[in-house]
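Engineer: give me a model of this one.
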Amino acid sequence: MSGDHQSPKGGGNSVRAGGEARPAMHPRSPRQAIMPERMPPPPSRRARHPLVVAGNAIITAVFLLLLAAGGGLYVGMRKFDAPGPLDRERSVVISRGQSIREIADLLRREGVIDQPLLFVGATLVMRATNDLKAGEYVFERQASMRDVMETIAEGKSILHQVTIAEGLTSEQIVQRLLESTVLTGEIREIPREGTLLPETYKVSRGTTREQLIARMAAAHRRLLQEAWERRTPDLPLKTLEEFVTLASIVEKETAKADERPRVAAVFVNRLNRRMKLQSDPTIIYGLVGGKATLGRPIQREEVERPTPYNTYVVEGLPPGPIANPGRASLEAVANPSRTRELYFVADGSGGHVFADSYDQHMKNVARWREYQREQAAAAAAAKQEATPPAQTGAQPVAIPEPAVSSPGAGTGGSAPGATSPAPAAKAAKPKKSQSGESSKQGNVERTF
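Structural biologist: Coordinates of the predicted model:
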């Protein structure tokens, strides 16, 4: 029939409805019939985007670079820790202000390291650049670059000893610091007298002179405060300045540490009795100031010459210290011996003999003068024996009458008993001091 649909021959796969072909429906189970069909996902346009491709390439490159850097770092650190090229111990001076690159180049020139770039890189990576310190360093044989860096960073430099003798004036101390080849820099001004502590200080090469002076001043303040706090309560000293002044006189009067408490006691007893101190070193300081050495014996007119420091003229203590006293002198003044002694004079052995009374003191002076005469005679005999035969007819050497110094010859430039009057001076008659003690001065004697 013309209106009927006829099946395609051979069982076709589609039917035509309304002139359109539809895919043939395959028989399904009732369950499958009610489930929606899953359509395949559309192809991704993002995977093919150029930015994504570039990003993947960059990530891959960074990963490879990190891998290479890690390998290089591992190899570099192995070399950093490996034994160095030094065949023997060597010292190197790192100057203040040198950069890390300059330090590395210096170490290479000295044969301490052989890869300066690696040394710089490792120091930067380990953030030790700012820790490197100036100084003189000793590097062991075959020291690794790590050992070298740690030595410099920890400041393990060679320490040199700078010794400042007790009893030097501030001017003398400054002069010795300027002569040191270990220290650097200038000194702007001379410190006040009696504000530095004489001692042995350990410093690294390159330490500035101003830094060492600051250390000496700080050490002096600490020790002074400790000694002052432990002082005997009945000392006739009111201030720290007076304390240091008396300690400086004690320092210049004797070089023997075990004598200092007795010497300090003599001056304390004199202050308590309002007697003049009559100390030779104060005469010298009044004449030459901080230079501290006269270079010749004290003359009689200098003993009587009024200066602010001359304790043969001024009452009590001078206006300030005459030197920088050491620990022993400060402690001696803080705790002087409990004696009634008022006098002392050299004994010829580097020490002194002490006396309570003027009569006993004069006996000690007589023994000291006899010793001086013997020494002068021995020196004259030795000189005569050393005279060449052609000059044996020369006039014999005259032995001058020695003079006796005041109690204790100090270390301020005059030897014991070196004080002598002018050649034409005559012996002066004994004079009474304000304390009632006799003070004899002249060409043979000057004592308390």
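Engineer: CA atoms for contacts and neighbours, from now on please.
Structural biologist: Will do.
Engineer: mind checking the end-to-end distance for stretch 287-304?
Structural biologist: One end of stretch 287-304 sits 12 Å from the other (C-alpha to C-alpha, to the nearest Å).
Engineer: list the contacts of Trp143.
Structural biologist: Wrong residue type there; residue 143 is Ala, not Trp. Residues near Ala143 by C-alpha atoms under 8 Å, 6 or more residues apart in numbering: Pro83, Gly84, Pro85, Leu86, Val112.
Engineer: need phi/psi at Leu223.
Structural biologist: phi -70, psi -40 (degrees, to the nearest 10).
Engineer: does it touch Arg327 like I think?
Structural biologist: Yes. The pair Leu223 / Arg327 is scored as a contact, 7.4 Å apart, by C-alpha atoms under 8 Å.
Engineer: looking at those two, which is more packed in?
Structural biologist: Arg327 (19 against 16; other C-alpha atoms under 10 Å).
Engineer: report pLDDT for the more buried one.
Structural biologist: Model confidence at Arg327, given as pLDDT, is 96.
Engineer: so which of the contacts of Ala143 wins on neighbours?
Structural biologist: Going by other C-alpha under 10 Å, Val112 tops the contacts of Ala143 with 29 neighbours.
Engineer: excluding chain neighbours, what is closest to that residue?
Structural biologist: Leu86 (5.4 Å; C-alpha to C-alpha, 6 or more residues apart in numbering).
Engineer: got the contact list for that neighbour?
Structural biologist: Gly111, Val112, Ile113, Glu140, Arg141, Gln142, Ala143.
Engineer: what about Gly55, neighbour count?
Structural biologist: So Gly55, with other C-alpha under 10 Å, has 11 neighbours.
Engineer: helices of the stretch 101-250 of the chain, start to end?
Structural biologist: 116-125, 145-153, 170-179, 209-229, 240-253 (DSSP state H, counting those that start in this stretch).
Engineer: ranking these by burial, who's on top?
Structural biologist: helix 240-253 (a mean of 25; mean count of other C-alpha atoms under 10 Å).
Engineer: between helix 209-229 and that one, find me the angle.
Structural biologist: Relative orientation of helix 240-253 versus helix 209-229 (axes from the mean of the first three to the mean of the last three C-alpha atoms, to 10 degrees): 100 degrees.
Engineer: tell me what helix 240-253 is packed against?
Structural biologist: Counting contacts by 3 or more C-alpha pairs under 8 Å, 6 or more residues apart in numbering; DSSP states H and E, helix 240-253 packs against helix 209-229, helix 260-272, helix 280-288, helix 327-334.
Engineer: let's see it at 7 Å
Structural biologist: helix 260-272, helix 327-334 (3 or more C-alpha pairs under 7 Å, 6 or more residues apart in numbering; DSSP states H and E).
Engineer: what is the rounded mean pLDDT of that helix?
Structural biologist: Here the average pLDDT along helix 240-253 is 97.
Engineer: before we move on, the earlier item: of all the helices and strands packed on helix 240-253, which lies closest to Leu168?
Structural biologist: helix 327-334 (13.0 Å; C-alpha to C-alpha).
Engineer: which residues touch that closest one?
Structural biologist: Under the contact criterion C-alpha atoms under 7 Å, 6 or more residues apart in numbering, helix 327-334 has outside partners Ala227, Trp228, Arg230, Arg231, Thr232, Ala247, Val250, Glu251, Ala257, Arg260, Pro261, Ala264.
Engineer: and these as CSV, adding distance to Gly185?
Structural biologist: Shown next, in CSV, are those (distance: C-alpha to C-alpha, whole Å):
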residue, distance to Gly185
Ala227, 33
Trp228, 34
Arg230, 38
Arg231, 38
Thr232, 42
Ala247, 31
Val250, 33
Glu251, 30
Ala257, 34
Arg260, 36
Pro261, 39
Ala264, 38
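Engineer: among these, find the lowest-pLDDT one for me.
Structural biologist: Ala257 (88).
Engineer: residues touching it, list them.
Structural biologist: For Ala257, counting by C-alpha under 7 Å, 6+ apart, the contacting residues are Ala328.
Engineer: and it, how far from Val263?
Structural biologist: 10 Å.
Engineer: cool, and Leu183?
Structural biologist: From Leu183 over to Val263 (counting by C-alpha to C-alpha), the distance is 36 Å.
Engineer: these two: which has the busier surroundings?
Structural biologist: Using other C-alpha under 10 Å, the more surrounded residue of Leu183 and Val263 is Val263, with 29 against 21.
Engineer: without its sequence neighbours, what residue ends up closest to the more buried one?
Structural biologist: Val250 (6.4 Å).
Engineer: which pLDDT does the model give Val75?
Structural biologist: So Val75 comes in at 72 (pLDDT).
Engineer: could you say what helices and strands the biggest helix by length in the chain packs with?
Structural biologist: If you go by DSSP state H, the chain has its longest helix at helix 50-81. With contacts taken as 3+ C-alpha pairs under 7 Å, 6+ apart, helix 50-81 sits against helix 145-153.
Engineer: sorry, back to before: distance to Arg300 added to the helices of the stretch 101-250 of the chain, as CSV?
Structural biologist: Listed next are the helices of the stretch 101-250 of the chain as CSV, based on distance: least, C-alpha to C-alpha, whole Å:
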stretch, distance to Arg300
helix 116-125, 70
helix 145-153, 60
helix 170-179, 26
helix 209-229, 36
helix 240-253, 19
